[in-house]
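1. Mind looking at a prediction? Sequence and model below.
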Amino acid sequence: MKIIATMGPSSMKSQVLKQLITSGLESIRLNFSHFHDEEFHKIVSEVRNINNKVEIIGDLRGRKVRVSEKVFSTYKIHMEDIVYFCGEDMYDYLLKDERLLKSLIPLNINSSNINKNKINKISMKDDTMNFEVLDQSKGIIKSRVLNEGIIRGGKGCNIPELTIDGPGLSILDKESIIWGLNHDLDSFCQSYVESEKDIIELKEFVEKNNKRNKEILYYGKIETEKGINSIEKICDSVDEIIIARGDLMPECGIEDAVKNQYIAINKLKEKGYEDKIIMATHLLDSMIKGNRAKYTEVESIFSFMVNGINGFLLAGETSIGKYPVEAFLFLKSLIEYYA
């Protein structure tokens, strides 16, 4: 059974990376939503030196709505603050009013995307930052802050009602793929996949730019209800499917997210694709802060194994957690115990 560990500040240290790999880690994930050339280059070089058979997966940004990199700075928002979401095309114009400086949150989309959708809910950071929509007019969404937090460029936003048209591969995704091919990555994962077309577009771009003719594996990450509904056709086009609960929850709501993850598993099992299913995020959240795993977390992992999935993806546990090696080893021990 596969375990994928996400690299981050906690796991990219040389000693920790070596411990993870020598302890049996066979796949690592580079999250291009938080791309840093020098850091990623260092990770790839060290992984290849330790064990060149370790799979290195480049996880692309996909269609996810994010705070635009145009945002003037990183700043904190507080409960009951009034903030305004807008498209990148309106941000510079609105900033002429300096009173709006710390009230404007530009998104990496245009006003046209906002105008054609009725927005009811906005959230960030796995549904721990929420905004009450008060008004929507002329490409601007007026909202009240319900949970304080930090606004920074690149931060993911969940807006279930928003429909984004256009190609699945952004300019940043294409740049990430070129970087990955130049650095000998083994696999690419497309995020926010909602149809097989997203994977076909990814494959065509990779094959066009794969100058070394290296065999590449493809992952599709399912994070929306639309993706769940199309999961069988998506799975036809990929080597493995990742059901990413971190974004599935704010996109669908916690009740439907739990239901949808099992709908997805059952759909894939019916087609004989159980060997392609990987469950991601919210696996051992307790261990991120150095606490012992909870009964419910262990029970959930056991339940997924009984349902016949093929692997797990650790996110915060290994990227920002206090004890990434311990989190990996605990999950590995559970898999061996329940096998």
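-> Structure received.

2. Can you point out the buried residues in the longest helix seen in the chain?
-> Taking DSSP state H as the criterion, the chain has its longest helix at helix 254-270. The neighbour-count check on helix 254-270 (16 or more other CB atoms under 10 Å) flags Ala257, Asn260, Gln261, Ala264, Ile265, Lys267, Leu268 as buried. (Each C-beta comes from the backbone N, C-alpha and C, glycine too.)

3. could those be laid out in TSV, adding distance to Pro160 and pLDDT?
-> Compiled in TSV, the buried residues of helix 254-270 are given as follows (distance: CB to CB, whole Å; pLDDT from 0 to 100):
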residue	distance to Pro160	pLDDT
Ala257	11	94
Asn260	13	96
Gln261	16	96
Ala264	17	96
Ile265	22	96
Lys267	21	96
Leu268	23	95
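
4. thinking again about what came up before, pLDDT of the following helix or strand past the longest helix of the chain, averaged?
-> Per DSSP states H and E, helix 254-270 leads on to strand 277-280 as the next helix or strand towards the C-terminus. Mean pLDDT, strand 277-280: 98.

5. Give the other helices and strands that strand 277-280 contacts.
-> For strand 277-280, the elements it packs on are strand 2-6, strand 240-244, helix 245-252, helix 254-270, strand 311-314, judged by 3 or more CB pairs under 8 Å, 6 or more residues apart in numbering; DSSP states H and E.

6. Which residues outside the longest one are in contact with it?
-> With contacts defined as CB atoms under 8 Å, 6 or more residues apart in numbering, helix 254-270 is touched by 127, 222, 225, 228, 231-232, 235, 241, 243, 245, 248-249, 251-252, 274, 276-277, 279, 304, 307-309.

7. Need the buried ones from the residues you listed selected in PyMOL.
-> To isolate the buried ones among the contacts of helix 254-270 in PyMOL, judged by 16+ other CB under 10 Å, type:
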select buried, resi 127+222+225+228+231+235+241+243+245+248+249+251+252+276+277+279+304+309
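
8. same for the longest strand belonging to the chain, what does it pack against?
-> Assignment by DSSP state E gives strand 129-137 as the longest strand of the chain. Using 3+ CB pairs under 8 Å, 6+ apart, the elements in contact with strand 129-137 are strand 82-87, strand 121-124, strand 140-145.

9. Kindly recompute the last result at 10 Å.
-> strand 82-87, helix 111-115, strand 121-124, strand 140-145, strand 149-151, strand 156-158 (3 or more CB pairs under 10 Å, 6 or more residues apart in numbering; DSSP states H and E).

10. and of those, who's closest to Glu201?
-> With CB to CB as the measure, helix 111-115 is the member of the helices and strands packed on strand 129-137 nearest Glu201 (19.1 Å).

11. Report the buried residues of that closest one.
-> Within helix 111-115, the residues scored as buried using 16+ other CB under 10 Å are Ser111, Asn113, Ile114.

12. export those residues to CSV and tack on distance to Glu196 and pLDDT?
-> As requested, the buried residues of helix 111-115 are arranged in CSV below (distance: CB to CB, whole Å; pLDDT from 0 to 100):
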residue, distance to Glu196, pLDDT
Ser111, 30, 88
Asn113, 23, 86
Ile114, 28, 90
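
13. Closest one of these to Lys197?
-> The closest of these, once distances to Lys197 are taken by CB to CB, is Asn113, at 18.6 Å.

14. Roughly how far does that closest one sit from Ile119?
-> Note on Asn113: its distance to Ile119, by CB to CB, to the nearest Å, is 10 Å.

15. Please apply the same query to Glu161.
-> Taking CB to CB, one finds Glu161 at 5 Å from Ile119.

16. intersection of neighbour lists for these two?
-> Contact with both Glu161 and Ile119 is made by residues Val133, according to CB atoms under 10 Å, 6 or more residues apart in numbering.

17. between those two, which one's more packed in?
-> More neighbours surround Ile119 than the other of Glu161 and Ile119, with 16 against 11 (other CB atoms under 10 Å).

18. Right, I'll call it a day here.
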